[in-house]
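In: mind looking at a prediction? Sequence and model below.
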Amino acid sequence: MKQVLFIRYRKSDQIDAGGEQGTNTNYAILCQIFGTENVIVYNIHETQPSKPRLLLKSASIVSNFLKGYYYGLNPRKVRQITTLAKKYAYVFIDRSIFGVIAESLKKEHYTGKIVTFFHNVESVYFEAKIGKNKPWCPLIVNCVTQNDQKACDYSDIIIALNERDQTEIIKRYNRKPDYLSPVVFKDKYNQAEYPAEETRNVPVCLFLGTYFPMNVRGILWFIREVLPCVNIKLQIVGKGMKNILSEIKDYPQIEVYSDVPDLQPYIESADFMLFPIFDGSGMKVKTCEALMYGKNIIGTTEAFEGYDLDLNLTGACCNTKEEFIVFLNKCSTEKRNRFNAYTRTVFLDEYSEKNRAMIFNRIFNDANN
């Protein structure tokens, strides 16, 4: 059996947000295909050195960063990976932000196949994450752009999530992804019986997301522009979301649950999932998770990007203050089932883990022929 060296980023806090959940799915599927014993993981950790050590290493860190080493990567680790890779038939690089690894492998005449998975177009993602008005934005975007380009130039196979990312990759890096594989989620909600309750007169709308610039911008816009005009209860659940408490203290209809150990009770009890997200790249993992639980979803075009859905059956696509207000006020008077059989069925048919497994099986069968 051929073996795979799986290169992944691992946060020091070990908490898996959307990107890490995608990474975990890729690893699980490779283990299904090759066997767990044949998928060897190389974790790239981003650790924060103490201040004295940081001062001593700052020149080296800046120099490496300008050469494209980011997210804990450095020349020593790349050399380790390049040497280690000689034992493996495949190197699966789980983020295009590690394109310098693909470059090193090719320059050292690695004879196996290099597969790079684009969770986003990183240059687009970081522009949105940081904000173009920040003075350090061009420096970081230059670093991630180098890596995206090297991933395209030196990988044998690249995988992207959707057609939007494919178009951006072609435009920016002159390489068409070899395969598209949309966001999927491991099914954790296979119930003998699904909830039968109707939505409430005062609907509970749940925003799910970590304390992250794109999430914060979206939900604060909603709170300021839409919430005063609708009769709903808003719940905000996600890692670090206690940090917005000072900005929402004048809104008694909001509840914030930060760093909860289990999201399922909050998702199950919500009448609607609410995703006012306006920027980003790739696909939103939270949308896939909401589909898995069979939820009614109210989101922007960005929240639904890459998903093939009948949005009238899903819930609603709202992009303006007025659209959100009209639909949410209708939700207060027109009840529907809290469990949405349509979104659950779409998840099972299109966005469960088995769908990516079929695509990955095809990728590696093609690679062997």
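Out: Received the coordinates, thanks.
In: burial of the nearest residue to residue 90 once chain neighbours are set aside, as a residue count?
Out: Take residue 90 and drop its neighbours on the chain: the residue closest to it by Cβ to Cβ, 6 or more residues apart in numbering is residue 4, 4.5 Å away. Using the backbone N, CA and C atoms, a C-beta is placed for each residue, glycine as well. Neighbour count for residue 4, taken as other Cβ atoms under 10 Å: 25.
In: need the contact list for residue 4.
Out: 30, 34, 38, 39, 40, 88, 89, 90, 91, 92 (Cβ atoms under 8 Å, 6 or more residues apart in numbering).
In: quick check: phi and psi at it.
Out: phi -120, psi 130 (degrees, to the nearest 10).
In: in the sheet, who's paired with it?
Out: Beta bridges link residue 4 to residue 39, residue 90, judged by DSSP bridges.
In: any idea how far residue 314 is from it?
Out: 36 Å (Cβ to Cβ, to the nearest Å).
In: please apply the same query to residue 188.
Out: 20 Å.
In: same check on residue 21?
Out: 21 Å.
In: do the same with residue 158
Out: For residue 158 relative to residue 314 (Cβ to Cβ), the value is 30 Å.
In: quick one on the thing from earlier: comparing residue 21 and residue 314, which residue is more hemmed in?
Out: Set residue 21 next to residue 314 and count neighbours by other Cβ under 10 Å: residue 314 wins out with 23 against 18.
In: ok, that one - contacts?
Out: 296, 297, 304, 340, 342, 343, 346.
In: against residue 179, how distant is the last one?
Out: Okay, so that is residue 346. 21 Å.
In: what about the two, which has more around it?
Out: Higher neighbour count among residue 346 and residue 179: residue 346, with 21 against 16, using other Cβ under 10 Å.
In: ok, now which ones touch the more buried one?
Out: Per Cβ under 8 Å, 6+ apart, neighbours of residue 346: 291, 308, 309, 314.
In: again, 10 Å this time
Out: With contacts defined as Cβ atoms under 10 Å, 6 or more residues apart in numbering, residue 346 is in contact with 291, 292, 294, 307, 308, 309, 310, 313, 314, 340, 352.
In: in strands only, show me those.
Out: Judged by DSSP state E, strands contain none of the contacts of residue 346.
In: can you redo those residues as CSV with distance to residue 126 and pLDDT?
Out: Converted to CSV, those look like this (distance: Cβ to Cβ, whole Å; pLDDT from 0 to 100):
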residue, distance to residue 126, pLDDT
291, 27, 97
292, 28, 96
294, 33, 97
307, 23, 97
308, 27, 96
309, 28, 97
310, 33, 97
313, 34, 97
314, 29, 97
340, 34, 96
352, 30, 94
